[in-house]
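Trainee: Show me the folded form of this:
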Amino acid sequence: WRDWSSDVCSSDLALDTTLTRLRAAVWNKGYGDVRIDTSVPRPDASQLVPVRIDIDPRWITRVGKVEFEGNKYLSDETLRRGVLLQPGTLYTRDAVLESQRRLFQSPAIARALVITPVAGDSVKTITMAIAETAPHHASLTVGFNTIEFGQAAVELRHNDLGAGRWLSLHAAAGNLLGEQLDGRSIFQRALPNDITGDRQGFLSPTYQASLTLTQPWIAGARTSVAVTAFAGRRSLANVVIDEDAGATLGLVHELSPRAPVGINYRMETTQVQGSAVYFCADYGICDAATRDALTRRQRLAPVGVSAWIDRSDDLEVPTRGYTAVVDAEHASGATGSTFAHNRVAADASLYHSFGTQDRKSVVEGK
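Mentor: The predicted model follows:
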């Protein structure tokens, strides 16, 4: 009895999966009102079941009006730029899912759901239910440990800038009160007695901060632009102090779902204050003249291009498909950089499962 019921459940699951995939495939051709009927008779003498699947695509379905419900500070015009469901286009499953995903990528939107239009009409009125987040968001985290003294982090976001734009600030600081707490009470001594270099510099606060303005849905739902200003200071006790500040401009366009291409430009000034041991042991730069040149403030200005594609069947545990990424960067005097370099990196993975349905293994090839 257990074996028979298990076979029936497995067959029902396989049939349901087949019907779901067929419906999605036909719907993606523009037949949103497809009708699929099945006939499953009793098994014959050889225990085979002649399953019959009838597919009636009926008619081509297209998008008519696109309406929104639940939005308060995001206008209908702004939201329409973020969806692929545009009047006159085919009403397809992929367009529905990607439109929901595009809107949900904005931090101003907590939920975006397409309400399934009624069947029977070839021109669909699309209604999207929108749930917005609060226009302002702020969080503060503070703490300490016995090595890095006091720490604090703040995150601020403003969603209500018009046209779907949002502004976000991320900032974190460490080594707070380092000079006052060094070696006192529960706090360890961060620096040795025979320190070389600026003792107060190593105990001064460290920080990382960035302010980003993002404009989504430029020239279509799949393109966005972001401008970021950043600054930072890090230190490794008695080893190096690294300071940087600059800005980046980036544009990302998705050729298709899970296939983005991006281009960015970064202008950054940086200064590294390191000991002779740091430069010689880590980078092989041991002569004093070169080391002195590197410790002066320098300008880095690379142009980067990156592309990524994911055609695996699952984002977390893929069993088939592939992923690939290519990242290239160029810097020279023409881009405004003190140093010139070219860099290209690529990585790809291919997934293939083998074994029985109950016990599967996955081979990942790179």
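
Trainee: could you pull out the helices for the stretch 101-250 of the chain?
Mentor: 178-181, 199-203 (DSSP state H, counting those that start in this stretch).

Trainee: Reformat those helices as CSV; add mean pLDDT and mean neighbour count.
Mentor: The C-beta positions use only the backbone N, C-alpha and C, and glycine is treated the same way. Formatted as CSV, the helices of the stretch 101-250 of the chain follow (pLDDT from 0 to 100; neighbours: other CB atoms under 10 Å):
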stretch, mean pLDDT, mean neighbour count
helix 178-181, 87, 16
helix 199-203, 75, 16
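
Trainee: Export these to CSV and append columns for distance to residue 319.
Mentor: Listed next are the helices of the stretch 101-250 of the chain as CSV, based on distance: least, CB to CB, whole Å:
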stretch, distance to residue 319
helix 178-181, 50
helix 199-203, 50
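
Trainee: Indicate which one of the ones you listed is closest to residue 168.
Mentor: helix 178-181 (28.2 Å; CB to CB).

Trainee: which helices and strands does that closest one pack with?
Mentor: strand 149-158, helix 199-203 (3 or more CB pairs under 8 Å, 6 or more residues apart in numbering; DSSP states H and E).

Trainee: which parts of the longest one are buried?
Mentor: So the one you mean is strand 149-158. For strand 149-158, burial by neighbour count (16 or more other CB atoms under 10 Å) applies to 149-153, 157-158.

Trainee: tell me which of those residues is nearest to residue 345?
Mentor: residue 153 (30.3 Å).

Trainee: what bridges to the closest one?
Mentor: residue 141, residue 172 (DSSP bridges).

Trainee: Any idea how many residues pack against residue 85?
Mentor: Other residues near residue 85 come to 22 when the count uses other CB atoms under 10 Å.

Trainee: Was I right to think it contacts residue 98?
Mentor: No: using CB atoms under 8 Å, residue 85 makes no contact with residue 98, being 9.0 Å away.

Trainee: Might you list the low-confidence residue ranges for the protein?
Mentor: 1-10, 193-200, 355-366 (pLDDT under 70).

Trainee: Please enumerate the strands of the stretch 101-250 of the chain.
Mentor: 109-115, 123-132, 136-145, 149-158, 166-176, 206-215, 223-236, 240-256 (DSSP state E, counting those that start in this stretch).

Trainee: if we compare those strands, which one ends up closest to residue 66?
Mentor: Taking CB to CB, strand 123-132 is the member of those nearest to residue 66, at 4.7 Å.

Trainee: So for the closest one, what gets flagged as buried?
Mentor: Buried, per 16+ other CB under 10 Å, within strand 123-132: 124, 126, 128, 130, 132.

Trainee: with the residues you listed in mind, which one is nearest to residue 212?
Mentor: residue 132 (20.1 Å).

Trainee: Please report the distance of that closest one from residue 68.
Mentor: 11 Å (CB to CB, to the nearest Å).

Trainee: roughly how far apart are residue 156 and residue 243?
Mentor: Distance from residue 156 to residue 243, by CB to CB: 23 Å.

Trainee: Kindly report the same for residue 133.
Mentor: 35 Å.

Trainee: Check residue 319 too.
Mentor: 47 Å.

Trainee: all helices of the stretch 251-366 of the chain, in order?
Mentor: Taking DSSP H, counting those that start in this stretch as the test, the helices found in the stretch 251-366 of the chain are 276-283, 288-294.

Trainee: Does residue 230 touch residue 210 like I think?
Mentor: Yes: applying CB under 8 Å as the test, residue 230 and residue 210 come out as touching, 4.3 Å apart.

Trainee: before we move on, back to that, and residue 73, which of the strands of the stretch 101-250 of the chain is closest to it?
Mentor: strand 123-132 (6.8 Å).

Trainee: How far away from the center of its chain is the closest one?
Mentor: Relative to the chain's own centre, strand 123-132 is displaced by 25 Å; criterion: CA atoms, centre = their mean, to the nearest Å.

Trainee: neighbouring contacts of it?
Mentor: Residues lying outside strand 123-132 but in contact with it, judged by CB atoms under 8 Å, 6 or more residues apart in numbering, are 32, 61-74, 79, 83, 85, 91, 99-100, 103, 108-115, 117, 159.

Trainee: Sheet partners, orientation included, of that strand?
Mentor: Applying DSSP bridges, one finds strand 123-132 paired with strand 62-69 (parallel), strand 109-115 (antiparallel).

Trainee: Mind exporting the C-alpha coordinates of the last one to PDB?
Mentor: What follows is the C-alpha trace of strand 109-115 in PDB, where atoms were taken according to Å, rounded to 0.1, in the frame of the first residue of the first chain:
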ATOM      1  CA  ILE A 109       8.100  49.600  -2.000                       C
ATOM      2  CA  ALA A 110       7.400  46.900   0.500                       C
ATOM      3  CA  ARG A 111       5.100  44.900  -1.800                       C
ATOM      4  CA  ALA A 112       4.100  44.900  -5.500                       C
ATOM      5  CA  LEU A 113       1.600  42.400  -6.700                       C
ATOM      6  CA  VAL A 114      -0.200  42.100 -10.000                       C
ATOM      7  CA  ILE A 115      -3.900  41.200  -9.400                       C
END
